[in-house]
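Participant: coords below, sequence missing:
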């Protein structure tokens, strides 16, 4: 027995992938920023940890925000299609 149904097709971004990508970019930026600070102006190794935490979490948040924005934008471009649902018959 086959049933015809109308389905919505849309592409949604992977939230975790965007969040981790943003966090990695934040960590790389924090490392570059720490290396670019002159040695005379560095107070201690604590600055590196603070930069990693601050910019890593900022990158994570921006990655999530971008993913949610892209999901909102892509949900407006939904395509509709007709699908046939077939049910297996047991022997």
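Facilitator: The structure has been received and is ready for your questions. These figures come from a predicted structure and were not determined experimentally.

Participant: List the residues that contact residue 5.
Facilitator: Taking Cβ atoms under 8 Å, 6 or more residues apart in numbering as the criterion, residue 5 is in contact with 82-85. Any C-beta I mention is one placed from the backbone N, CA and C, and that applies to glycine too.

Participant: Just name the closest of those residues to residue 68, please.
Facilitator: Lowest distance from residue 68 to these (Cβ to Cβ) belongs to residue 83, with 27.9 Å.

Participant: Which residue is the nearest non-sequential neighbour of the closest one?
Facilitator: Excluding the flanking residues, the one nearest residue 83 by Cβ to Cβ, 6 or more residues apart in numbering is residue 7, at 4.8 Å.

Participant: now swap in residue 62 and tell me
Facilitator: residue 22 (5.0 Å).

Participant: isn't the one you found right up against residue 55?
Facilitator: No: counting by Cβ atoms under 8 Å, residue 22 sits too far from residue 55 to count as a contact (10.3 Å).

Participant: Strands of the protein, start to end?
Facilitator: Using DSSP state E, the strands of the chain run over residues 2-9, 79-86.

Participant: any idea of the mean pLDDT for stretch 35-54?
Facilitator: Taken as a whole, stretch 35-54 has a mean pLDDT of 83.

Participant: And for stretch 63-73?
Facilitator: For stretch 63-73, the mean pLDDT works out to 89.
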